[in-house]
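Visitor: return a 3D structure for these sequence lines:
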Amino acid sequence: MKTPYQLSNENEELFLSTFNDLYEHSSWVILKALNTIKSDKKYDQIDEFHKLLSTIVLNEDKELQDSLIQAHPMLAGKKAMANELTDFSTNEQKSAGLNTCTNEEIEIFDNLNKTYFDKFGFPFIFAVKGKSKEQILENFKSRINNSLEKERVEALEQINKIGLIRIKDIYEH
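Guide: Here you go, the predicted model:
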């Protein structure tokens with residue numbers, strides 16, 4: 001796989017399709033980064049590439065940030081059960097065992113998802129890859145007591161962590 005700088009300069013369409021889903025249903029992040037990536041070889045380094053994308057997310061206006069947060073699925077939610085997730089989300093939830101939840105676990109996740117969404121107005125977001133169901137539930141239960149502002153910041157931080165995981169997944173395959 002060619003690096004981001006190489007790919008952006010050699011085949012813009014392939015660059016966009018390769019990285020389009022790094023940020024859940026939010027291709028604007030990659031589009032905003034494109035010209036910057038094309039202009040500097042330092043973006044061949046995964047950490048620099050990710051830092052740029054993270055900066056774009058964190059410096060964007062609140063409305064676009066909120067649309068990015070809202071684009072994320074509920075963990076072990078209805079979209080997961082109906083196979084309606086992006087490939088990245090499906091693989092991440094599978095890696096955490098969320099595709100093998102018992103009916104009791106699904107009920108626990110559904111109740112936490114509802115409580116969290118009712119309180120904050122957006123889905124619980126957590127970089128679940130490599131985590132256990134227990135770790136996810138523990139994080140869920142501890143964060144539900146946060147303030148709206150603290151949780152919004154945490155959601156954006158988790159989204160950027162997910163972005164890095166997805167970049168690494170692309171380059172490991």
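Visitor: which stretches of this protein have low pLDDT?
Guide: 76-86, 173 (pLDDT under 70).
Visitor: show me the domain layout of it.
Guide: 4-66, 74-172 (automatic domain parsing).
Visitor: all helices for the chain, in order.
Guide: 4-10, 12-19, 28-38, 46-59, 62-70, 78-81, 87-95, 103-120, 133-143, 148-172 (DSSP state H).
Visitor: now the ones you listed in a markdown table, with mean neighbour count?
Guide: Where C-beta positions appear, they are placed from N, C-alpha and C, glycine not excepted. Output for these, formatted as a markdown table (neighbours: other C-beta atoms under 10 Å):
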| stretch | mean neighbour count |
| --- | --- |
| helix 4-10 | 19 |
| helix 12-19 | 15 |
| helix 28-38 | 17 |
| helix 46-59 | 17 |
| helix 62-70 | 15 |
| helix 78-81 | 16 |
| helix 87-95 | 17 |
| helix 103-120 | 15 |
| helix 133-143 | 15 |
| helix 148-172 | 17 |
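Visitor: turn the ones you listed into a markdown table, including distance to A127.
Guide: Putting the helices of the chain into a markdown table (distance: least, C-beta to C-beta, whole Å) gives the following:
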| stretch | distance to A127 |
| --- | --- |
| helix 4-10 | 21 |
| helix 12-19 | 18 |
| helix 28-38 | 16 |
| helix 46-59 | 13 |
| helix 62-70 | 14 |
| helix 78-81 | 16 |
| helix 87-95 | 8 |
| helix 103-120 | 16 |
| helix 133-143 | 10 |
| helix 148-172 | 4 |
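Visitor: any idea how far I159 is from P123?
Guide: 11 Å (C-beta to C-beta, to the nearest Å).
Visitor: between these two, which contacts overlap?
Guide: Common contacts of I159 and P123 (C-beta atoms under 8 Å, 6 or more residues apart in numbering): I69, H72.
Visitor: is it true that W28 touches L64?
Guide: Yes - applying C-beta atoms under 8 Å, one finds W28 in contact with L64, separated by 6.5 Å.
Visitor: spatially nearest residue to I162, not counting backbone neighbours?
Guide: Nearest non-adjacent residue to I162, counting by C-beta to C-beta, 6 or more residues apart in numbering: A127, 4.9 Å away.
Visitor: contacting residues for that neighbour?
Guide: The contact partners of A127, by C-beta under 8 Å, 6+ apart, come to E92, Q158, K161, I162, I165.
Visitor: check S132 too.
Guide: Listed by C-beta under 8 Å, 6+ apart, the contact partners of S132 are A96, G97.
Visitor: which residues touch stretch 161-173?
Guide: Against stretch 161-173 from outside (C-beta under 8 Å, 6+ apart): 1, 18-19, 21-24, 29, 46, 49-50, 53-54, 57, 88, 91-92, 125, 127, 129.
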